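Engineer: how does the following fold in three dimensions:
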Amino acid sequence: MPAQQQIFGPIYPWYMLVLLGLIYFLSTATTFTSLGVVLPSMINEFNWNWAEAGLGFTILGLTCGLSSYLPTLMIRKLGLRITLLFGLTIFILGFYCLYSTASLFHYFSGTALLGIGFTFLATVPGTYVISRLFEKQSLAFGFYFTIGGLGGVVGPWIYFLATRFWGSWRIHWVISALCLAIVVFITLLTLREGQREISHAKTIADKLTQHSSETIYKTKEIWTASGALRTWQFYIIAASYTAFLWCWCGITVNSFAVAHIIEQGFSETIAASSLSAMAFINAFSRLAGGAVGEQLEPKKLLISSLIIIICGLIIALSFATTWLWLILFTIGVGVGYGMTFLASSVLLANYFGRGPYLELFSVMNLLSTCACFAPFFGGIIKDYTASFTPAFLIITIPVFIILLLTLLMKPPVQRLPQNYKL
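Structural biologist: Okay, here's the model as predicted:
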């Protein structure tokens with residue numbers, strides 16, 4: 001009998017995975033993905049420049065990263081239900097600021113609130129719950145990240161729905177708030193916390209310790225968060241996680257890809273469709289990676305994904321002047337992003353165990369905050385060079401360095417035995 005059926009029934013873990021995935025889906029669709037599509041309309045209406053618009057994305061990423069440890073503290077002290085409710089409240093305030101935008105102050109305030117809300121609703125609580133519910137973590141993460149990644153497909157079309165039927169980009173934020181609130185409230189009503197959940201998580205952890213794959217490294221040592229933070233392997237994994245944020249997840253490509261593709265002679269619809277197609281590919285690459293990750297070492301997936309990201313940015317997007325380059329960009333960055341996100345998350349759990357995962361994933365998000373400066377610098381380069389191509393070429397340099405370090409990485413070894421309370 002699978003481990004997840006020994007405490008909870010077979011339905012609850014998958015039911016929660018779907019609900020948490022939908023929260024992640026809507027969080028992605030309404031923030032990092034769709035904001036890049038809404039921005040051209042906002043820029044035209046308020047006569048902003050791209051440096052100002054890029055700064056809004058920087059604030060979004062900055063607040064998301066800097067607040068990433070706060071959900072950990074709230075989950076440990078007040079529980080998951082209160083954490084999700086708080087995140088929804090922050091999200092709705094952010095949507096209201098963007099809906100009522102009349103100046104850069106409103107725009108920056110809205111993006112700041114969405115960044116904080118994203119941290120409290122999306123990957124930090126989601127990966128924490130899933131890591132405690134499922135024995136086959138790679139596959140479960142693959143499903144979760146796939147559902148969430150599909151939000152990138154829907155995000156741009158929320159904007160088109162708002163503008164085609166209501167004639168205003170502001171309605172985009174109203175639709176976003178309503179959809180997210182409905183899913184979060186359903187999750188709050190069905191979420192289970194308490195001793196039964198703790199017992200289930202312990203059963204899963206014990207099962208993994210007793211039966212580990214010979215082809216995939218999974219630590220048998222008991223790590224603490226502080227012990228893991230003293231290893232250089234943690235920082236390489238965090239750097240890999242930062243790489244996909246630096247290149248894609250609403251930070252650089254989402255910020256400027258639509259405008260860049262339009263500048264190359266394609267229509268707005270084609271540009272937005274390309275972004276949606278890329279998100280679709282990225283989402284299902286996570287599912288494929290999750291399935292493969294049960295048989296293949298996640299480090300190999302991580303190396304492959306970093307190579308694909310570099311190729312997608314250098315070869316395709318930077319010179320996306322024809323349909324061939326546009327298709328290569330869509331496939332390359334989509335696959336590379338999805339696999340990097342999944343592989344780095346699974347590798348973190350495999351190297352350090354599930355006990356300190358919540359703290360380590362939060363710190364990893366905190367360290368990835370440096371990625372949020374990419375759109376600001378990209379906007380400045382665009383204003384001075386009249387092209388996004390130099391920006392896309394420059395951001396591949398740190399990714400290449402991270403790739404080299406990942407190739408040299410080996411599993412961490414504890415010097416002294418440590419205990420950690422699950």
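Engineer: all contacts plus neighbour counts: C-alpha atoms, from now on.
Structural biologist: OK.
Engineer: now the host helix or strand of residue 374: how far from the chain's centre is it?
Structural biologist: Following DSSP states H and E, one finds residue 374 within helix 374-385. Centre-to-centre, helix 374-385 and its host chain are 23 Å apart (CA atoms, centre = their mean, to the nearest Å).
Engineer: beyond that helix, next helix or strand please.
Structural biologist: Toward the C-terminus from helix 374-385 - assigned by DSSP H and E - lies helix 389-394.
Engineer: tell me the average confidence for that next one?
Structural biologist: For helix 389-394, the mean pLDDT works out to 74.
Engineer: repeat for stretch 287-304
Structural biologist: 83.
Engineer: buried sites along that stretch?
Structural biologist: 287-294, 297-299, 301-304 (16 or more other CA atoms under 10 Å).
Engineer: CA atoms only: put that stretch into CSV for me.
Structural biologist: These are the backbone C-alpha positions of stretch 287-304, laid out as CSV (Å, rounded to 0.1, in the frame of the first residue of the first chain):
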residue,chain,number,x,y,z
LEU,A,287,5.4,17.1,-15.8
ALA,A,288,7.8,15.2,-18.1
GLY,A,289,10.7,16.1,-15.9
GLY,A,290,8.8,15.0,-12.8
ALA,A,291,8.2,11.6,-14.3
VAL,A,292,11.8,11.2,-15.5
GLY,A,293,13.0,12.5,-12.2
GLU,A,294,11.8,9.3,-10.5
GLN,A,295,14.4,7.4,-12.6
LEU,A,296,17.0,10.0,-13.5
GLU,A,297,19.3,12.0,-11.2
PRO,A,298,17.9,15.5,-10.9
LYS,A,299,21.4,17.0,-11.3
LYS,A,300,21.5,15.7,-14.9
LEU,A,301,18.1,17.3,-15.6
LEU,A,302,19.4,20.6,-14.1
ILE,A,303,22.5,20.6,-16.3
SER,A,304,20.4,19.9,-19.4
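Engineer: for the strand or helix carrying residue 403, buried residues please.
Structural biologist: Using DSSP H and E, residue 403 sits within helix 396-408. Within helix 396-408, the residues that qualify as buried are 396, 399, 400, 402, 403, 405, 406, counting by 16+ other CA under 10 Å.
Engineer: just the pLDDT for the fifth one.
Structural biologist: It refers to residue 403. 90.
Engineer: need the contact list for it.
Structural biologist: Each residue near residue 403 by CA atoms under 8 Å, 6 or more residues apart in numbering is listed here: 240, 303, 306, 307.
Engineer: who wins for neighbours among those residues?
Structural biologist: residue 240 (30 neighbours; other CA atoms under 10 Å).
Engineer: if we can go back for a sec, name the nearest of the buried residues of helix 396-408 relative to residue 107.
Structural biologist: residue 396 (28.8 Å; CA to CA).
Engineer: okay but the closest one is in contact with residue 312, surely?
Structural biologist: No. Checked against CA atoms under 8 Å, the pair residue 396 and residue 312 is beyond contact range at 9.8 Å.
Engineer: all strands of this protein, in order?
Structural biologist: Applying DSSP state E to the chain gives no strands.
Engineer: burial count for residue 352?
Structural biologist: With other CA under 10 Å as criterion, residue 352 counts 27.
Engineer: and for residue 329?
Structural biologist: Neighbours of residue 329 (other CA under 10 Å): 27.
Engineer: relative to residue 312, how far out is it?
Structural biologist: 5 Å (CA to CA, to the nearest Å).
Engineer: then residue 402?
Structural biologist: 16 Å.
Engineer: looking at the buried residues of stretch 287-304, which is nearest residue 200?
Structural biologist: Closest to residue 200, out of all of those and judged by CA to CA, is residue 294, at 21.1 Å.
Engineer: list the residues that contact the closest one.
Structural biologist: So residue 294 contacts 136, 138, 139, 216 (CA under 8 Å, 6+ apart).
Engineer: list the contacts of residue 183.
Structural biologist: 19, 22, 23.
Engineer: sort out which of these are in helices and list them.
Structural biologist: Judged by DSSP state H, these include 19, 22, 23 as members of helices.
Engineer: now residue 231. Nearest residue, chain neighbours left out?
Structural biologist: residue 412 (6.8 Å; CA to CA, 6 or more residues apart in numbering).
Engineer: could you give the mean pLDDT of stretch 338-351?
Structural biologist: Averaged over stretch 338-351, pLDDT sits at 85.
Engineer: ok now it, how far from the chain's centre?
Structural biologist: Relative to its parent chain, stretch 338-351 has a centroid offset of 12 Å by CA atoms, centre = their mean.
Engineer: export only the CA atoms of stretch 188-196, formatted as PDB.
Structural biologist: C-alpha atoms of stretch 188-196 as PDB (Å, rounded to 0.1, in the frame of the first residue of the first chain):
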ATOM      1  CA  LEU A 188      -9.100  26.900   3.200                       C
ATOM      2  CA  LEU A 189     -12.400  24.900   3.700                       C
ATOM      3  CA  THR A 190     -10.900  21.500   2.900                       C
ATOM      4  CA  LEU A 191      -7.300  21.800   4.200                       C
ATOM      5  CA  ARG A 192      -6.400  19.500   7.100                       C
ATOM      6  CA  GLU A 193      -3.900  20.400   9.700                       C
ATOM      7  CA  GLY A 194      -3.000  19.000  13.100                       C
ATOM      8  CA  GLN A 195      -1.600  15.700  14.500                       C
ATOM      9  CA  ARG A 196      -2.900  13.600  11.700                       C
END
